[in-house]
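Asks: Sharing a model prediction with you, sequence too.
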Amino acid sequence: MEPRIVLAAGLRLPQARAGALFAREDAAHLGATLARELLARSGLDPREFDEVVVGCVGPPHDQANVARVIALRAGVPRSVPAHTVGRNCASGMQAVLDAATAILAGRGELFLALGVEVMSAYPLLFNPGAVAFFGRLAREKSVGRKLAILASFRPAMLAPRVALTEGLTDPTVGLIMGSTAEILAREFGITREAADRFALESHRRAKSARDQGRMQREIVPHLPLGSREGATALCHDDGIRDDQSLEALAKLKPYFEKPDGTVTVGNACAITDGATALIVTTEERSRALGLAPLARIRGFAWAGCDPARMGLGPVFASAKALDQAGCTLGDLGVIEINEAFAAQVLACLQAFESARFAEEHLGRTRALGSIDPARVNPNGGAIAIGHPVGATGARLLLTAALELERGNHELALATLCIGGGQGGAVVLERAS
Amino acid sequence: MIDLAGLPLPPNPPAPGSSVRIERPRAGLARLVLDPPHRPKIAVFDVPLLVDLDLAVTELERDGALRALVITGRGPLSFCAGADVETIAALTDPSLVRRFVAEGQKLFQRVHRLGRDGGGRVSTIAAVGGPVPGGACEIALACDRIVLADHEKTRIGLPEVKLGIFPAWGGSQRLPRRIGVPAALGAILSGRLYTAREALRLGLADRLAHPEYLLRVAEAIALGQEHCPRRGSSGVKKALVDRNPIAAVFLAQRARSAVTRETHGHYPAPLAVIPLVVAAPRRSLSEGLEHELEAVQPLASSPVSKNLLRLFLLSEEQKRLGEYPESTPARGFPRAGVIGAGIMGGAIASLLAERGIDVRLRDLDRRALDAAALQHRAEIEKSLHKRRLKRHEAHAAIDRLETTTDAAGFARCGIVVEAVAEKIEVKRAVFGELARLLAPDAVLATNTSSLSVDAIGEGIPGPERVVGLHFFNPVRRMPLVEVVRGKETSDEVVARISRLALDLGKTPVVVADVAGFLVNRVLGPYLDEAVRLVEAGLDPDEIDAALVRFGMPMGPCELLDEVGLDIAMHAAASLEAAYGPRMRASRYLAPRVEARELGKKNGAGLYRWGPARDGRPEKLGRNPHLGDRGDLALGEEEIVDRCVLALANEAARCLEEKVVAKPSELDLALVFGTGFAPFRGGILRFMDARGIPEVVIRLRSLQEARDIAPSADRRARFEPCALLSELARTGGRFHG
């Protein structure tokens, strides 16, 4: 009999806009601090874990296999192995599903999975001209030759490569992520107003969730490195704009396609730093360890799609996951879908409800189902709280799992689009 | 033949010839190994080792074929801890002191002469590591070259001034010749022990080697296979500075004023060694050694040195408090909790985290937690900057401090220290909650300074694990920790807690669960007498100056401002409630407390304080808001007597009531807890030195002072306690 896999416990740090409060943080410290807290609260002996898995898109170069660094710094004993995984924006979800897959394969029972990202720390790189220059300089031994090489320096060599921009650009189709959203906006007829309205709603819902204390169970306050004397810990996601309005959003110029595009910085997710941690284990083991599970993983799926339209990934993946879980869209009490771009989410919602889409792309005769917008990201989404790329996949799972109890639902879906043209989806079931 | 007749032998002397051996791995090469069987921890230069060393050196001198000699210990990190401190402490007869110093000098001089740099034919290399203090460093200095083990345990230097003497086995002469006069003065006057890297930079070591390769490298250098130049000061510096008489005067002058400023003339040893070091390069070695011998003699027999030596031995002895009873396996605390993120709690948590223990700090106020976390990071940053920690160690130290406002996450803590407000209901509530959250054998420790440990722990299941762990403020700097034994506290818990204190770099003293424990109890009357003197009309400055000249690190008025007038008043109230009228404190400062003038923290108390410079507020003079002044005028001696004898009387009472087990522990606690003049050896030794009958007479006469006689409370304070009266009557002493 296949073991029943559960999310036994979970926590996350507040998410901070990149370049601001967490700007002096690094992935290992962020991840280790969070992991420590989760371990302490769960009361588990870290020796019990079979492995630590961490999803991170841009780990720092001085923390190779950041999962191992996080594990050791979190007080996990040396005997517990650790590895880092990457599937772009879904790396955090990949970490959790890696653990689940290992459990299914009988390769362990208790896993610590994290998604961590410090986008503030993405490097600037020397361009090829500069790299060649330094290489020539290093190769010459005599002072005379070195001086000659130095004379070959050109100002153009100072122009850096920006890792952030390069990372967000799909190399197979040559499109930056925002441009893929513009394509969807055109093809699904999504207007600027609709996108802005969606963005506003995201902020409104996030603010409401924060003010009503609904995020208290999942967020651990964090005092970041580099804080000055008198600073206090961050307790909430700091991207939420309490005073967001349609007027303010309307004033923004399109970012990726000027002057007529739909996507602006206001209706897109923000570059963010954050971390989420989850304990993945079997239902039986969870109870033996005294942990009341948050949710059971009923089904999951990965799917590939057109890289130029990567934003539709959730539709492809959810179709597979729902089939695997044996349920329909209508059965879902809550859908946590990553808000990479308002236009992209709106396109997905249309695609879910479109019979034609289902026929053309999913090989089905009927639409996947209809969606009540109230059930989509009821606590706000990435447009308000940010998208720390490696962490989001795990964050969606944690928020969805907790919402099952908060909203008294039976089933939840956590899904996201993935740069490069993929989608990931997980169906969660309320733990009995 | 070395002549050490009359000098004390260790209790279990070894067979003659067994403390030193000569190994001959190759023709022309000899290894002189210090390996006394009766000193399993580390060798020391006691009589047996010196005798055997003398025989070995004689054998080597007679070996015509010898070309290379390596002097080393039983291991690359175990050489010698210098001259035997117990031997020196026991020497009172000046002729025996002279003999010990002179014979050591001669022996090391022979080692020097054996080597090339001393005119001999043998290349002598010291291959040493781990602790290399004092005499151990001096024998290395007598060799041609010093190769040090590159390891974090290596500490080399000349710390003799800290024991009231100075390096007199040639160290004061050979060190300046090797590294230059300015550096040598710095090293000897500070008594610092240098790490391997620092020693190399200084020129104290000529080469570093990994402990595994230490002998191999030393032997290669000795045999001439590797060229190892001297790292010491250059010829130019030698000519310009060391040999220059004008520079010498300047250096000596500067050193003297620095020493006098720091020690107020209470410590003669540093002053005595300055001229020896400064003149060294311009004298012949034998002339220098003679002067060295003459100068050290009076110091070694002096009471100051004896007191410092005894304190050193006592603090070493306290380390045994952390040893476990035979059957119990050593059990440390991998994970600790601290409740209360105030000044004390935050600092305690930070110290635990820095020393490798996972700590969970809890407070209901998020801001207090954040402040404590930031303070911790700043301390780690400082340690990193001073190279006390490497980067990855700094990261780990920061990682180890967890902060939370919740009760969750403490289940796996082996010990929790509570440092919440000094209110019995709050502390009892905290202990009650902890007892529910923790394992039944987890230690519950309280940092209370004014409440009873038993009262806090009443009704808690497993009372044997309830204990007091009283740190002093500031936690990082103050070396003493009072381990407070409750009625039921088990020996095992006392041992584990003492071990913890030692691991945190503190010295533990076990005390009884009485109000004020030991240190705060005896300080109560001391500080109150100072306040009453201010009330009577004396200037706080005058009072402080008198006590600093007596030997206190800080005067009582400044100490009050440092502690906080509110805290001092609260503490005084507890003492009065527990001990009655003799502890009744003056109400003179109550209006200041009401006006929130609490001392350094708000800019005014007994003094006015200006903004902090380098973390220290600037003293700006007497607080003009202090109440009416009386017109009492007293000489310095009487100021000191009132404060110190009030303290002394209470200390004697503490011994009488067995608040602490031994007189030596009481003295140690007072020196480490208040900085009480170390050169006086402690308050009980001070009374012994002054003469207990004289102390009793003085106490009685103070009772009759114009301003004291009318008050029954004050008279009670100066009433000699039963123990004092008894000792005065029988002619006894606190220390035999």
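Replies: Looks like it arrived, so ask away. Numbering: from 1, shown residues only, chains lettered A, B, ... in the order given.
Asks: CA only for contacts and neighbour counts going forward, please
Replies: Noted.
Asks: Which residues of chain B lie near chain A?
Replies: Taking Cα under 8 Å from any Cα of the partner chain as the test, the list of chain B residues beside chain A reads B:366-367, B:370-371, B:374, B:396, B:399, B:402, B:408-412.
Asks: again, only this time at 7 Å
Replies: If contacts are counted using Cα under 7 Å from any Cα of the partner chain, the residues of chain B sitting beside chain A are B:367, B:370-371, B:374, B:396, B:399, B:408-409, B:411-412.
Asks: Looking at these, which is nearest A:Arg430?
Replies: Using Cα to Cα, B:Ala408 is the member of the residues of chain B next to chain A that lies nearest A:Arg430, at 24.2 Å.
Asks: if we can go back for a sec, show the buried residues in the residues of chain B next to chain A.
Replies: By the neighbour-count criterion of 16 or more other Cα atoms under 10 Å in any protein chain shown, the residues of chain B next to chain A include these buried positions: B:370-371, B:374, B:396, B:399, B:409, B:411-412.
Asks: I'd like to know how many residues surround A:Pro128.
Replies: 12 (other Cα atoms under 10 Å in any protein chain shown).
Asks: B:Ala712 versus the residue lying closest to B:Arg715 once chain neighbours are set aside, what's the distance?
Replies: Residue nearest to B:Arg715 in three dimensions, not counting chain neighbours: B:Gln703, with 5.1 Å by Cα to Cα, 6 or more residues apart in numbering or on different chains. In this structure, B:Gln703 and B:Ala712 are 10 Å apart, going by Cα to Cα, to the nearest Å.
Asks: Would you mind naming the helix or strand containing B:Val640?
Replies: In this structure, B:Val640 sits in helix B:636-656 according to DSSP states H and E.
Asks: what comes into contact with that helix?
Replies: Contact partners of helix B:636-656, identified using Cα atoms under 7 Å, 6 or more residues apart in numbering or on different chains, comprise B:522-523, B:525-526, B:529-530, B:543, B:546-547, B:663, B:683, B:717-718, B:720-721, B:723-724.
Asks: Weed out the non-buried ones from the residues you listed.
Replies: Of all the contacts of helix B:636-656 considered here, the ones buried according to neighbour count by 16+ other Cα under 10 Å are B:522-523, B:525-526, B:529-530, B:543, B:546-547, B:663, B:683, B:717-718, B:720-721, B:723-724.
Asks: Which ones among those lie within helices?
Replies: Under the assignment DSSP state H, the buried ones among the contacts of helix B:636-656 contribute B:522-523, B:525-526, B:529-530, B:543, B:546-547, B:663, B:683, B:717-718, B:723-724 to helices.
Asks: B:Gly82 and B:Gly134 touch, don't they?
Replies: Yes - in this structure B:Gly82 lies within contact range of B:Gly134 using Cα atoms under 7 Å: 4.9 Å.
Asks: buried sites along stretch B:693-704?
Replies: Along stretch B:693-704, these residues count as buried under the neighbour rule (16+ other Cα under 10 Å): B:693, B:695-696, B:698-699, B:702-703.
Asks: and what of stretch B:401-418?
Replies: B:401-404, B:409-418.
Asks: Give me the residues contacting that stretch.
Replies: Under the criterion Cα under 7 Å, 6+ apart, residues A:40-41, A:43, B:333, B:335-340, B:353, B:358-366, B:369, B:437-439, B:442-447 lie in contact with stretch B:401-418.
Asks: Which of those residues are buried, as a ChimeraX select command?
Replies: Typed into ChimeraX, the line below selects the buried ones among the contacts of stretch B:401-418, using 16+ other Cα under 10 Å:
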select /A:40,41,43 /B:333,335,336,337,338,339,340,353,358,359,360,361,362,363,366,369,437,438,442,443,444,445,446,447
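Asks: ok, which stretches of the stretch 151-300 of chain A are helices?
Replies: Using DSSP state H, counting those that start in this stretch, the helices of the stretch 151-300 of chain A run over A:163-167, A:177-188, A:192-211, A:246-251, A:283-288.
Asks: Out of the ones you listed, which is closest to chain B?
Replies: Of all the helices of the stretch 151-300 of chain A, the one in closest proximity to chain B, counting by Cα to the nearest Cα, is helix A:283-288 (16.6 Å).
Asks: Mean confidence (pLDDT) on that closest one, please.
Replies: Averaged across helix A:283-288, pLDDT comes to 96.
Asks: Which single residue in the stretch 51-200 of chain B comes nearest to chain A?
Replies: Distances from the stretch 51-200 of chain B to chain A, computed as Cα to the nearest Cα, single out B:Glu152 as the nearest residue at 22.6 Å.
Asks: how about that residue, what does it touch?
Replies: The contact partners of B:Glu152, taken as Cα under 7 Å, 6+ apart, are B:Thr195.
Asks: So for it, what pLDDT did the model give?
Replies: Per-residue pLDDT puts B:Glu152 at 91.
Asks: that's a strand at it, yeah?
Replies: No - judged by DSSP: H, G, I helix; E, B strand; the rest coil, B:Glu152 forms no part of a strand; its state is coil.
Asks: Let me know the distance separating it from B:His112.
Replies: Here B:Glu152 is placed at a distance of 28 Å from B:His112 (Cα to Cα).
Asks: Could you give the number of residues near residue 274?
Replies: Looking at chain A here, since you left the chain open. Here the count is done by other Cα under 10 Å, and A:Gly274 has 31 residues near it.
Asks: The chain in question should be chain B.
Replies: Look at B:Ile274: counted by other Cα under 10 Å, it has 23 neighbours.
Asks: Equivalent analysis for A:Glu247, please.
Replies: Counted with other Cα under 10 Å, the neighbours of A:Glu247 add up to 9.
Asks: how close does B:Pro270 get to B:Ser305?
Replies: Distance from B:Pro270 to B:Ser305, by Cα to Cα: 12 Å.
Asks: Need phi/psi at A:Arg47.
Replies: Note on A:Arg47: backbone dihedrals following degrees, to the nearest 10 are phi -60, psi -20.
Asks: For residue 417, give me the pLDDT.
Replies: Assuming you mean chain A. With respect to pLDDT, A:Cys417 scores 97.
Asks: nope, chain B please
Replies: Per-residue confidence at B:Val417 stands at 98 (pLDDT).
Asks: How about the secondary structure of it?
Replies: Applying three-state DSSP to B:Val417 yields a three-state assignment of strand.
Asks: Show me what it is bridged to.
Replies: Beta-bridge pairing of B:Val417 under DSSP bridges involves B:Val338, B:Ala445.
Asks: Roughly how far does it sit from B:Leu727?
Replies: Distance of B:Val417 to B:Leu727, given as Cα to Cα: 40 Å.
Asks: again with B:Arg261
Replies: Summarising the geometry, the distance separating B:Arg261 from B:Leu727, computed by Cα to Cα, is 38 Å.
Asks: If anything else comes up later, I'll come back, but that's it for now.
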